[in-house]
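S.K.: just coords:
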């Protein structure tokens, strides 16, 4: 008994690879480095090993502040939640300052990367099934960016800075589901 996955056509294989890249999480960094270490350093595989090591430099950012986290014990009007959400992440000597705000029936994401980098780009990809398109924008001279017209949903933000990729935990545009 044979299935279509035993010997897929080139087109079917391309679709499967694209789906895997889009939907499957990356292997843990330790396993990636272990697999790269299996390549011999000499010969044709030496260049492939160097390329794989460069690509494997992925950093996970850690949330250090969320303005929508447990509210302070203040009373009165100041204790209400602001419509704009402020998030601060840290990743290897960098601070990533984000603001998510309502914007004409959708949401806008504005941010700034504070650290040693002077150029790069930001990639915002919706979680599978959210149906929104991926967006890519360049950082300006101050490390700032803005993406408007984002529908409600969860997104993954990746910063491409030199040879490093910094991946943030999923971001929720709009009020989180209760």
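M.R.: Everything's here; your move. Since this is a predicted model, take the numbers as computed values, not measurements. Numbers count the residues shown, from 1 in each chain.

S.K.: hey, where'd the helices end up in the protein?
M.R.: Assigned by DSSP state H, the helices in the chain fall at 10-23, 29-37, 44-55.

S.K.: Look up which residues are beta-bridged to residue 137.
M.R.: Counting by DSSP bridges, residue 137 forms beta bridges with residue 122.

S.K.: And for residue 107?
M.R.: Residues in beta-bridge contact with residue 107 (DSSP bridges): residue 102, residue 150.

S.K.: list the contacts for it?
M.R.: Residue 107 is in contact with 100-101, 150-152, 173-174, counting by Cβ atoms under 8 Å, 6 or more residues apart in numbering. Just so you know, the C-beta spots here come from the backbone N, C-alpha and C atoms, and that holds for glycine as well.

S.K.: ditto for residue 94
M.R.: 113-117, 161, 166.

S.K.: just checking, which of those residues belong to strands?
M.R.: 113-114, 161, 166 (DSSP state E).

S.K.: Can you tell me which of those is closest to residue 121?
M.R.: residue 161 (8.4 Å; Cβ to Cβ).

S.K.: Near the closest one, how many other residues are there?
M.R.: 22 (other Cβ atoms under 10 Å).

S.K.: What does the pLDDT read for it?
M.R.: Note on residue 161: pLDDT of 88.

S.K.: returning to that earlier point: lowest-confidence entry in the contacts of residue 94?
M.R.: residue 117 (73).

S.K.: what's it in contact with, if anything?
M.R.: Contacts of residue 117 (Cβ under 8 Å, 6+ apart): 94, 139, 143, 161-162.

S.K.: Which two of those have the greatest separation?
M.R.: The widest separation within the contacts of residue 117 (Cβ to Cβ) is 12.8 Å, between 143 and 162.

S.K.: Many thanks, I have nothing further to ask.
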